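Novice: let's see this in three dimensions:
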Amino acid sequence: MKKTTQLRAILNKKKATPAIGCHDVLSARLIEQAGFEIIQVSGFGLAATLLGLPDMAFLTYTEMLHVTTNVIQSVDIPVMADADTGFGNAINAMRVTEQIIRAGAAGMNIEDQVFPKRCGHIEGKTIVSMEEMVLKIRACKKVSESLDADFVINARTDAIGVAGIDEAIRRANAYAGAGADMIFVEAPRSREEIERAAREIDCLISINLFDMVEGGKTPLIPIEELAAMGVARVSVPTGTTFAAMRGVKNYLEAIRGGRLAPGRSDLVASFAEFRDVVGVPKFRELEKEYLPEFIE
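Specialist: Predicted structure coming up:
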């Protein structure tokens, strides 16, 4: 089954399936090994890990595509790309869509912020006109229909933080009508706003997407409750990045001042675990089969 078809099948269950954000190939492989069904490449995470900068449009299209391609090639589950605003106008977004599909992504997120955009939970956002975003979605949809009709276009609106929930719902329905396969209402501020969006947004495949961020603007609601509302996917874009940051800080604190932190194996993965994640056993088997002088 194609990854795009697989992703659609998962989303159509409307079980609020978590889509865990990765910031590199290592985190992507760990997400897959943990048993999750969907990976999303997090622009937030890439900006932090590649550049050491906030998610405020410093990440370029080529940087995003490079890491996304590596992630796709390293895992067997569907991967969704982060196309930000399409990195330009509708014509630029068509090129981005084509490249993301050819890289093997199962879907992509594209949003209605004005470039330069920023993380949906950071103040100071502005949004383009609804007409501009509708045309951008139509342009991206034309590309996906010509290459892979199952590719999932996830249209995100940041209108809640700028113009309120009514405008977000109005835009969401317009984006669905323009061909978006899934709607992402960014940063709802209450359970009531989530329930309204789930009830009033008429998406083409009846899928609603919500971003749940620790310390963000959206309340943390259990997965089963979101599923009961009809939410198809729960975005968890930053958790692995925050976990990695905390883990490294804890390790460095433990060894600061020349300490060796004996007995603190809880701070690091074992070498055996690391070898398995990066595939050392597989490559050792290849060496045994194809190298004339194999060293045990």
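
Novice: from now on I want contacts and neighbour counts done on CA atoms only, so please keep to that.
Specialist: Fine.

Novice: please report how far A261 lies from V268.
Specialist: For A261, the distance to V268 (CA to CA, to the nearest Å) stands at 11 Å.

Novice: quick one: the helices in this structure?
Specialist: 3-12, 25-33, 43-46, 61-74, 90-103, 130-147, 160-163, 165-178, 191-200, 223-229, 239-255, 271-278, 280-290 (DSSP state H).

Novice: and the ones you listed: which comes nearest K117?
Specialist: helix 43-46 (11.1 Å; CA to CA).

Novice: how about that closest one: buried residues?
Specialist: Of the residues in helix 43-46, G43, F44, G45, L46 count as buried by neighbour count, 16 or more other CA atoms under 10 Å.

Novice: would JSON lines of these with distance to S27 and pLDDT be doable?
Specialist: As requested, the buried residues of helix 43-46 are exported to JSON lines (distance: CA to CA, whole Å; pLDDT from 0 to 100):
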{"residue": "G43", "distance to S27": "14", "pLDDT": "94"}
{"residue": "F44", "distance to S27": "14", "pLDDT": "93"}
{"residue": "G45", "distance to S27": "10", "pLDDT": "95"}
{"residue": "L46", "distance to S27": "11", "pLDDT": "97"}
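
Novice: that older thread, how about the helices of the chain, which one is nearest D112?
Specialist: helix 130-147 (5.9 Å).

Novice: what is that closest one packed up against?
Specialist: helix 90-103, strand 152-157, helix 165-178 (3 or more CA pairs under 8 Å, 6 or more residues apart in numbering; DSSP states H and E).

Novice: deepest of these, which one?
Specialist: Of all those, strand 152-157 has the most neighbours on average by mean count of other CA atoms under 10 Å, namely a mean of 26.

Novice: list the strands paired with it, with their directions.
Specialist: With DSSP bridges as the test, strand 152-157 is paired with strand 107-111 (parallel), strand 182-185 (parallel).

Novice: neighbouring contacts of the first one?
Specialist: Defining contact as CA atoms under 8 Å, 6 or more residues apart in numbering, one finds that strand 107-111 is touched by 4, 7, 79-86, 97, 100-101, 151-158.

Novice: what do you get for stretch 190-206?
Specialist: Contacts for stretch 190-206 (CA under 8 Å, 6+ apart): 12, 165, 169, 172-173, 176-177, 179-183, 185, 188, 208, 210, 218-219, 221, 229-231.

Novice: show me which helix or strand of the protein is least confident by mean pLDDT.
Specialist: strand 208-211 (a mean of 46; mean pLDDT, DSSP states H and E).

Novice: quick check: bridge partners of the residue most central in space within the chain?
Specialist: Compute the mean C-alpha point of the chain, and by CA atoms, centre = their mean the closest residue is Q40, 2.8 Å away. Beta-bridge partners recorded for Q40 (DSSP bridges): G21, M80.
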